[in-house]
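[1] Show me how the following folds:
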Amino acid sequence: MTWLLLALAIASEVTATLSLRASEGLRRRRWIPVIVVGYLAAFTLLGAILAMGMPVGVAYGCLLYTSDAADDTPCV
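    Numbering: from 1, shown residues only. Below you'll find the model as predicted:
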């Protein structure tokens, strides 16, 4: 169950990150609700995952690795 929630958190953060890019620096205001809901869902799910006992390093590492891939920057 924790891995499924982690996958949902990753999908939420990737969606929010891509929407942030599509908003062109928040100039396209129609993307703002998607950004806010996406990040809010991602961090709420991350909190639930950590409360279930998944180690912080595993959860946060997976979340950062996949969100960096959406941003087109190399994960260092």
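[2] helix/strand/coil for residue 26?
    coil (DSSP: H, G, I helix; E, B strand; the rest coil).
[3] Could you report the pLDDT at the residue of the chain most remote from its centre?
    Using Cα atoms, centre = their mean, the residue of the chain lying farthest from its centre is residue 27. It sits 21.3 Å away. You'll see residue 27 listed with a pLDDT of 92.
[4] Tell me the secondary structure at the residue nearest to residue 46 when sequence neighbours are not counted.
    The shortest distance from residue 46 to any non-neighbouring residue, by Cβ to Cβ, 6 or more residues apart in numbering, is to residue 9 (5.2 Å). Yep, even glycine has a C-beta here, placed from its N, CA and C like the rest. When classified by three-state DSSP, residue 9 comes out as helix.
[5] give the contact list for residue 37.
    residue 16 (Cβ atoms under 8 Å, 6 or more residues apart in numbering).
[6] Report how many residues lie close to residue 62.
    17 (other Cβ atoms under 10 Å).
[7] Can you pull out the low-pLDDT segments for this structure?
    Along the chain, segments meeting pLDDT under 70 span 64-76.
[8] Show me the residue sitting in the middle of it in space.
    residue 13 (1.8 Å).
[9] How far away from the center of its chain is the helix or strand hosting that one?
    Taking DSSP states H and E as the definition, residue 13 sits inside helix 2-22. Helix 2-22 sits 4 Å away from the centroid of its parent chain (Cα atoms, centre = their mean, to the nearest Å).
[10] For it, buried residues please.
    For helix 2-22, burial by neighbour count (16 or more other Cβ atoms under 10 Å) applies to 5-6, 9-10, 12-20.
[11] That one - contacts with which helices or strands?
    helix 32-51, helix 56-70 (3 or more Cβ pairs under 8 Å, 6 or more residues apart in numbering; DSSP states H and E).
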